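> build me a model:
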Amino acid sequence: MEGLDPGAVAWVLASTAMVVFMSLGLGFFYGGLVRRKNVVSTIMLSFVPVALVTLQWVMVGFSLSFGRDVLGGFVGFDSRYVGLAGVGVGEVAEGTGIPLLLYAAFQGAFAAITVGILSSAFAERVRLAGFMLFALLWTTLVYDPVAHWVWGGGLLHRFLVERLGAAPLDFAGGTVVHITSGFAALVLALVIGARRGFGEREFPPHNIPLVLVGTAMLWFGWFGFNAGSALAADFSAANALLVTHVAASSGALAWMLVAWRRGRPGSLGFASGAVAGLVAITPAAGYVDAVSAIVIGAVAGVLGYYMVLYRLRRGLDESLDAWAVHGMNGLWGSIATGIFARSSVGGVGGLLEGNVAQFAAQLVDAAVAIAYTVAVTYAIAVAVDRLVGLRVSETEEYVGLDISQHGEEAYAWGGE
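Coordinates of the predicted model:
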């Protein structure tokens, strides 16, 4: 078929499956961190968005994110993309060698995992109905516009090109996925409040091996997340895969080592550091080399560790640390892209090559995304809470969400 690159098609097909697999891995990662009476509920908060957001994406999300500018570029719209009904099976996505339908599927997997990440703030206390309504509204009103601004050539992209002469760089979702989900989780934690008993007693993870299994699934899937964003089986994909692995390794060791100074080298620190490194390299994966990836990952591991400590000192129950690991390292990764980008890698240099405009563009991009995410997430959360309720009752929380929300138990032998 004319314009089709079979190698690129095969790689993006595999990458799409890997990103969907990441959402399921995120469920295990989060599920192991909560009490056993809430493990089914927590895993479902990652599984449900795979189905729910996929349908939203097919019906309206892809159009809002990647359609032609409307409302001055605030969002996109293309009637052909509504339900993907007007997209031909043989249509190739512009500027790529892959089918447009495959491109839509790949991007839809990103939208789904973004909602899964922010479920961190809901852990052990959210009503499933409230979560589902929030997820639909948030994807439509936050994720889709930001994706259009950064990846769809929308309002923010145009503003930065016109004012600074530099487009925001976000290779695989540092801003679109991690900043939005992480800072949304922070807002949600403030709106719905802490779990009952938080700060009075410990809530230790009930199954650390499950967390490590989830980490392995995320680490594997992230190769499709980042290297797949090259949309080709080429040199850019190879570089993205390498720096992704390097940053994960650097982040894992950095978190483990800094935590070792205060006690023992825990496996949870290693796992969290790996995820922190993966988050931070996400926007930079197509623009930096391996040495820069070591620095980016190491800073991410240390930053994530101290942000978790800060969160605990402030008594904030953002339960599974999406803000500390994803939000703050999405921010760091965006800034780091503006610092370490190399023209020999991705065609654009950063601050170290004297490109001050690119560094400024990254700062503005991140700041606008944070401000918009915080404001709109708060409005959606308050509206949903008043309309259907976000939080379960005290009795339901005490019994556990596995029973109260799903009528199931993860482990027959009971306990917390």
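
> alpha carbons only for contacts and neighbour counts from here, please
Fine.

> and the strand or helix carrying Thr395, average pLDDT?
Assigned by DSSP states H and E, Thr395 belongs to helix 394-399. Helix 394-399 shows a mean pLDDT of 95.

> in it, what's buried?
Residues 396-398 are the ones in helix 394-399 that count as buried (16 or more other CA atoms under 10 Å).

> ok, residues contacting it?
37, 124-125, 196, 404 (CA atoms under 8 Å, 6 or more residues apart in numbering).

> which one of the buried residues of helix 394-399 sits closest to Leu45?
Closest approach between the buried residues of helix 394-399 and Leu45, by CA to CA: Glu397, at 15.7 Å.

> from the buried residues of helix 394-399, which is closest to Val146?
Nearest to Val146 out of the buried residues of helix 394-399 is Glu397 (CA to CA; 33.9 Å).

> measure that closest one to Asn38 for me?
Going from Glu397 to Asn38 by CA to CA, to the nearest Å gives 9 Å.

> chain center to the longest helix seen in the chain: distance?
As assigned by DSSP state H, the longest helix anywhere in the chain is helix 356-387. When distances are taken as CA atoms, centre = their mean, to the nearest Å, helix 356-387 is centred 14 Å away from the chain's centroid.

> could you do stretch 195-202 as well?
Using CA atoms, centre = their mean, the offset of stretch 195-202 from its chain centre is 27 Å.

> same thing with stretch 339-351?
Put simply, stretch 339-351 sits 24 Å off its chain's centre (CA atoms, centre = their mean).

> how far does it stretch from start to finish?
End-to-end for stretch 339-351, by CA to CA: 4 Å.

> and the average pLDDT for the helix or strand hosting Ala111 is what?
Assessed by DSSP H and E, Ala111 sits inside helix 100-118. Mean per-residue pLDDT for helix 100-118: 98.

> tell me the helices and strands packed up against that helix.
Packing partners of helix 100-118 (3 or more CA pairs under 8 Å, 6 or more residues apart in numbering; DSSP states H and E): helix 6-33, helix 39-56, helix 62-66, helix 180-192.

> could you point out the helix or strand that follows the helix holding Thr395?
helix 401-406.

> run through who's touching that following helix.
37-41, 124-125, 127-128, 396-397, 408-410.

> redo that, cut-off 7 Å
By CA atoms under 7 Å, 6 or more residues apart in numbering, the residues outside helix 401-406 that reach it are 37-41, 124, 128, 396, 408-409.

> can you check stretch 95-112 too?
Residues contacting stretch 95-112 (CA under 7 Å, 6+ apart): 3-5, 8-9, 16, 19-20, 49-50, 53-54, 57, 62, 90-93, 231.

> how about a cut-off of 6 Å?
Residues outside stretch 95-112 that contact it (CA atoms under 6 Å, 6 or more residues apart in numbering): 3-5, 9, 16, 19-20, 49-50, 53, 57, 91-93.

> and that stretch, what's buried?
In stretch 95-112, counting by 16+ other CA under 10 Å, buried: 96-112.

> repeat that for stretch 115-129.
Buried, per 16+ other CA under 10 Å, within stretch 115-129: 115-128.

> wait, which of those residues is closest to Gly297?
Ile117 (19.4 Å).

> look up how far Phe47 lies from that closest one.
Shown here: Ile117 relative to Phe47, a distance of 11 Å by CA to CA.

> ok, Leu164 next?
The spacing between Leu164 and Phe47, counted by CA to CA, is 41 Å.

> show me where the stretch 251-400 of the chain has its helices.
267-281, 290-313, 322, 328-340, 343-346, 356-387, 394-399 (DSSP state H, counting those that start in this stretch).

> where in this protein is pLDDT low?
1-2, 413-416 (pLDDT under 70).

> at 80 instead, please
Scanning the chain for pLDDT under 80 picks out 1-2, 412-416.

> and Leu164 and Phe47? Which one has more around it.
Using other CA atoms under 10 Å as the criterion, Leu164 and Phe47 rank with Phe47 on top: 21 against 14.

> all set now, cheers.
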